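S.K.: Have a look; sequence and predicted model below, questions after that.
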Amino acid sequence: MLIALSVAFAACDVSGTTKKKSDSPKVKRSDNSLNVNKKVIDDEKLSNGERIQWFEKGKGEFLKPGDLAFIDYRVELPDGSVVDGNHLLNKPSFPYLLGFQMQPGWDAALVKLKVGDFAKISIPSQQARGEKGVNGLIPKNADNYLIIRVLKLEKPTRTIDGVKVWLLEENKKNKVRFKEGKTMTIHSMVSSPSNPLYYNSYRDNKPFMFRFEDYGIVPGLKKALTNAKKSDRLYIYVPSEQAYGNKGYLDIVKPNEPLFYNVLVMDVQ
């Protein structure tokens, strides 16, 4: 990903206007809900060099790939500046789908956490943004510190043939649903475990339009979007057998990989 998580996943409102990186500047701040002035009660160093320090341990389930966890988080740099976090968007939590490297270095540590855990994850630069950094936000070769509280695991709104759909935002006033005879326009970001964010329609502000009857649409995506409405915002997990299966897709999606779609429905006609 080329920009911070909170900016990337809130890049567009339901009218389709794009926000710039400057909407989330580097600031110094403190969030009471993520106060780390607490005693470390457990400490683990991972084989990739990351370190997890727990301030509180929960009693919920362990996180695993394919889970949607609501988290309260912020990302700090060694100088204490905050470069990302749900509080920068005035949001009490943020939905994070594990298994697709939505943020470099996160998934390896998050599978060690349970619901209710409050921890600090130290991510060496080579596991984070490395030599590239993020222009104007994260310097080159900067270590990252993820302060995170795992609030809950969210069950899918619906499941169809192994395809999991989470309806995160909905305008109930919209009544026209995507079905036979209808055309849908979406903005989307698509990831596989080995190729995070390989497609992002926001980059060039070119939403994707297709008819219900069109061939070539990933079967699981079509099932997930059936009956969706304008302004719906969805996270969609598509297992490999409902995506590209054991053939994969060119050099983009490896054989037997699931897909993650972050979709904003712009219109249904």
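M.R.: Arrived safely. These numbers were taken from a predicted model, which means no experiment stands behind them.
S.K.: Low-confidence ranges, this structure, go.
M.R.: Along the chain, segments meeting pLDDT under 70 span 1-32, 130.
S.K.: Show me the domain layout of it.
M.R.: What automatic domain parsing lists as the domains of the chain is 5-12+36-153, 158-268.
S.K.: Look at Asp214 and say how many residues are nearby.
M.R.: Asp214 has 11 neighbouring residues, counting by other Cβ atoms under 10 Å. For every residue, glycine as well, the C-beta is placed using N, CA and C.
S.K.: Quick check on Leu34: phi, psi?
M.R.: Backbone geometry at Leu34, expressed as degrees, to the nearest 10, gives phi -120, psi 40.
S.K.: Wait, it touches Ile71, no?
M.R.: No: counting by Cβ atoms under 8 Å, Leu34 stays clear of Ile71, with 10.4 Å between them.
S.K.: shared neighbours, those two?
M.R.: Ile148, Arg149 (Cβ atoms under 8 Å, 6 or more residues apart in numbering).
S.K.: ok, Ala224 - contacts?
M.R.: Ile160, Val163, Val165, Leu234, Ile236, Val238, Tyr261.
S.K.: tell me the SS of the fourth one?
M.R.: Going back to what we said before, that points to Leu234. strand (DSSP: H, G, I helix; E, B strand; the rest coil).
S.K.: give me the element the residue nearest to it when sequence neighbours are not counted is part of.
M.R.: Excluding its sequence neighbours, the residue lying closest to Leu234 (Cβ to Cβ, 6 or more residues apart in numbering) is Val263, at 4.8 Å. Using DSSP states H and E, Val263 sits within strand 259-268.
S.K.: Parallel or antiparallel, list what pairs with that strand.
M.R.: strand 183-192 (antiparallel), strand 233-238 (antiparallel) (DSSP bridges).
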